[in-house]
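Asks: After the sequence you'll find the predicted model.
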Amino acid sequence: MEASETSNGTTLRNAFGNVLSFFILVLIGVLAFSIRLFSVIKYESVIHEFDPYFNYRVTQFLTKNGIYDFWNWFDDRTWYPLGRVIGGTVYPGLTLTAGTLWWLLNSLNIPLSVETICVFTAPIFSAFTSWATYLLTREVKGSGAGLTAAALIAMVPSYISRSVAGSYDNEAVAIFALIFTFYLYIKTLNTGSLFYATFNALAYFYMVCSWGGYTFIINLIPMHVLMCIVTGRYSSRLYIAYAPLVVLGTLLAALVPVVGFNAVMTSEHFASFLVFIIIHVVAFVYYIKGVLTPKMFKVAVTLVLSIGLIVCCAVIAVLVALVASSPTKGWSGRSLSLLDPTYASKYIPIIASVSEHQPPTWPSYFMDINVLAFLVPAGIIACFSPLSDASSFVILYIVTSVYFSGVMVRLMLVLAPAACITSGIALSEAFEVFTRSIKFQLPGLPGISPVDAGETSSDSTVPLNEAPKTDKSGETLKERPSRKNRKKEKEPVEKPSIKSQIEKRLLVLPFEGSILAIFLLVLLGAFYVVHCVWAAAEAYSAPSIVLTSHSHDGLHVFDDFREAYAWLSHNTEVDDKVASWWDYGYQTTAMANRTVIVDNNTWNNTHIATVGTAMSSPEKAAWEIFNSLDVKYVLVVFGGLVGYPSDDINKFLWMVRIGGGVFPHIKEPDYLRDGQYRIDSQATPTMLNCLMYKLSYYRFVDTDGKGFDRVRRTEIGKKYFKLTHFEEVFTTHHWMVRIYKLKPPKNRIRGKTKKSKSKSSATISGKRSGTRKNPWH
Amino acid sequence: MVKPSSSSSSTSQDALALINSLRSAYSATPTTLKIIDLYVGFAVSTAIIQVVYMALVGSFPFNSFLSGILSCIGTAVLAVCLRIQVNKENKEFKDLAPERAFADFVLCNLVLHLVIMNFLG
């Protein structure tokens, strides 16, 4: 009778716990969504930065023209005169997601604009991410840890920085896909069900659609499988979790146009095939072992293993031959720079030039994951006791992602979920230990069985910690030697319960100490929350297309970018070509709807180098390069007047490097005075005469009479000069964007003396020699 | 002089004994599992035939080759998974009904061959 009563109590508590955790999850979702709305509230509902504008433009095209036109879309407004096959070179996951969302809402007669959908895609998916994290962590360490991890990831600054409202980029949906794929993998591993394996492959497909980071999954999971095999944890569940994923995942990945046959041709994927073969050999060995008697097995081992090894060697030889025969040894530049952090800076300046491909600094770890950095080691230790297949996966995940985040600051984003999961585990275990200590030392409760006793202890996560774990006691599949589960099963029986009580008493900490520790942990959590809200509100919400600055006389808003793009779209012909450094390519096509020469999809290094060369050449040579590309307008971004540091002058050395990489007559030392990059009177003549300098500082001395550059904090070197081949057509209010028009050839000839005309060298002026004799001369 | 021959004879004896014990052990498996084994063997042999053909003729329509070979391998892998799940000797899957296992198998195959069909063209 008593037993039935307790079981009734347990079910009631389970139901209560489930309802409570459901509501907590809903609240976490709301939190994850709403903490990312600072950018909309503080600024406005706009798309942020550079890449999101391209994604926005693609989404617009998708919603307007439909899916089939989207796959076949050849974009002639970018990479002039080459164009770009958008449908085949873009990861379509994000676009398709937002397009589907838009279509769904419109068919429900909720008329939202495409832009609104795009702005809010990232916050919506970060709510999904926190739920997926809950599921993943629950599979590893139970509901309590799951809820804690979900709450942590809902507001981890590293993830917020990529998923604020308006940050409409691949990572917005990819992190959800990443976590969800991992969850389904762990779920398959724990249950051994083909059903989950199928969905695992489909989630992997979504990840491949969304982000190039899918190679992380297809290398991490094989690593985990290999680790399980090596440490003797092979089980048939592992086989079911892995083998179908490789076959289905490879096929599905090959369906995505941008990946295509790379899914079987590049080295990033070979690890998975290798482990696929190994797991088959191992599975076969285990099968034979199960069938035969131990004595016969020993005999068989020699035979089977030697045959298996021969097969393995043969396949490895084939793979090596394949890799050696492929041109780039099968590795893409970005992956290589992951394995060898110095690779990019040595060979590919265009990868190294992107700030998010640089290695991070120590403060950025503290900024991006805050207190989690200190909780991670504790979480790893908690994962080791007891070590299960799932927790070993988490350990592997955190270790590899720490390495990758150290290589590229952008991959801090992959580290953040791992850090949240391990910290969630650590926090929940710590709370469990402390509350249990308190529970045992509360007066008047010693007789009551440990689990029934005060479940209503201080933190709301703690009861949940315990309650849904009882569900798990049924899942003996996991073979987790969990002490708690065993205890709960034996609970109705008197003797073991006493025994377990004694066992538990050994782990009891002093009463005051545990109360203090809980208080400190709550304080730590509060500190984390404060930091996250600050980061979301102040650090990561700026759309970078509208800038603000606070000064003593109030708030200044710099809306120069949109001013310039609007000017372009209103005052230039539809087919005019605009040249700028590649950073502004996406924005120009999306906002001004003008054809650009290069954009942020840096697929053609030579083309970018051409623009870089033009920017670093003297005016005349630059004019010739631009004219040969049909360019009508040149756009430069200049921050010297208002102190906007990421302007073209600061990026200029990269233009020189990238240009010099293809056209050797551009030499970096020509632009440096004693190894220093400077634009003041000490600057080299090459620097002071290059196009970028002239376009940036033309008429600059008129503003304050001295030509003081607020970014470089110096007076410029050459103050008074005239442009002969370019004319200024528009400069925005704060001088942040300056647009110049290429003068037509006749003006060039009129402005020049005969002497300089004879010096003109390049092909174009030669070709146009007929036009020199014009009546205006 | 004597040693190698004796060792080789003992190896062959061992191999013979191994084959015998394997055969006897295998004859004890239920018929349903044997059918699955046959199915797996068929799929693997089809895959091998395709690889041989590819080696002789070349893998020109690469999508066809890829879909063909992955279809065979996928079928074999899924059948092995099914075999693992319905095998009564596997303690891990005691509470998984064979019907459920088969339903999962069908679902997975459906997805697999829907994707394969995308590649055929």
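Replies: Perfect, I can see it now. Numbers count the residues shown, from 1 in each chain, chains lettered A, B, ... in the order given.
Asks: got any ranges where chain B has weak pLDDT?
Replies: B:1-11, B:121 (pLDDT under 70).
Asks: List, one by one, the residues from it near chain A.
Replies: Contact residues (CB under 8 Å from any CB of the partner chain) of chain B with chain A: B:14-15, B:17-18, B:21-22, B:25-26, B:62-63, B:66-67, B:70, B:73-74, B:77-78, B:80-82, B:84-85, B:89-90, B:92-93, B:95-96, B:101, B:103-105, B:107-108, B:111-112, B:115-116, B:118-119. All C-beta spots, glycine's among them, are computed from the backbone N, C-alpha and C.
Asks: By proximity to chain B, which residue of the stretch 501-650 of chain A wins?
Replies: A:Trp603 (22.9 Å; CB to the nearest CB).
Asks: did I read that right, that residue in a strand?
Replies: No: assigned with DSSP: H, G, I helix; E, B strand; the rest coil, A:Trp603 falls outside any strand and is coil.
Asks: can you count the residues close to it?
Replies: Neighbour count for A:Trp603, taken as other CB atoms under 10 Å in any protein chain shown: 14.
Asks: now A:Val530
Replies: A:Val530 is flanked by 11 other residues according to other CB under 10 Å.
Asks: ditto for B:Ser45
Replies: Neighbour tally, B:Ser45, other CB under 10 Å: 12.
Asks: For it, give its distance to chain A.
Replies: 16 Å (CB to the nearest CB, to the nearest Å).
Asks: Same check on B:Gly58?
Replies: In terms of CB to the nearest CB, B:Gly58 sits 14 Å off from chain A.
Asks: same deal with B:Gly68?
Replies: As judged by CB to the nearest CB, B:Gly68 and chain A stand 12 Å apart.
Asks: Surely that residue and B:Val51 touch.
Replies: No: contact between B:Gly68 and B:Val51 fails when scored by CB atoms under 8 Å: they sit 9.8 Å apart.
Asks: Those two: which is more packed in?
Replies: Neighbour count, other CB under 10 Å: between B:Gly68 and B:Val51, B:Gly68 has more, with 22 against 15.
Asks: which secondary structure element contains the more buried one?
Replies: Element membership for B:Gly68 (DSSP states H and E) is helix B:62-86.
Asks: Please list all residues in contact with the closest residue to chain B within the stretch 301-450 of chain A.
Replies: Distances from the stretch 301-450 of chain A to chain B, computed as CB to the nearest CB, single out A:Leu303 as the nearest residue at 6.9 Å. Residues near A:Leu303 by CB atoms under 8 Å, 6 or more residues apart in numbering or on different chains: B:Ala15, B:Leu18.
Asks: secondary structure element for it?
Replies: helix A:294-325.
Asks: Report the rounded mean pLDDT for that helix.
Replies: Helix A:294-325 shows a mean pLDDT of 76.
Asks: starting at the chain centroid, how far to it?
Replies: Helix A:294-325 sits 39 Å away from the centroid of its parent chain (CA atoms, centre = their mean, to the nearest Å).
Asks: so how far is the helix or strand following the helix holding B:Gly68 off the chain centroid?
Replies: Sequence-wise, the next helix or strand downstream of helix B:62-86 (DSSP H and E) is helix B:98-120. Centroid displacement of helix B:98-120 relative to its chain, using CA atoms, centre = their mean, is 16 Å.
Asks: what do you get for stretch A:726-741?
Replies: A distance of 34 Å separates the C-alpha centroid of stretch A:726-741 from that of its chain, computed with CA atoms, centre = their mean.
Asks: For it, buried residues please.
Replies: Residues of stretch A:726-741 classed as buried by neighbour count (16 or more other CB atoms under 10 Å in any protein chain shown): A:726, A:729-732, A:734-741.
Asks: In the stretch 301-450 of chain A, where is pLDDT below threshold?
Replies: Filtered on pLDDT under 70, the stretch 301-450 of chain A yields the residue ranges A:304, A:325-352, A:443-450.
Asks: nearest residue to the residue of chain B found nearest chain A other than its sequence neighbours?
Replies: In chain B, the residue that lies nearest chain A is B:Asp104 (3.6 Å; CB to the nearest CB). Using CB to CB, 6 or more residues apart in numbering or on different chains and skipping residues adjacent in sequence, the residue nearest B:Asp104 is A:Leu194, 3.6 Å away.
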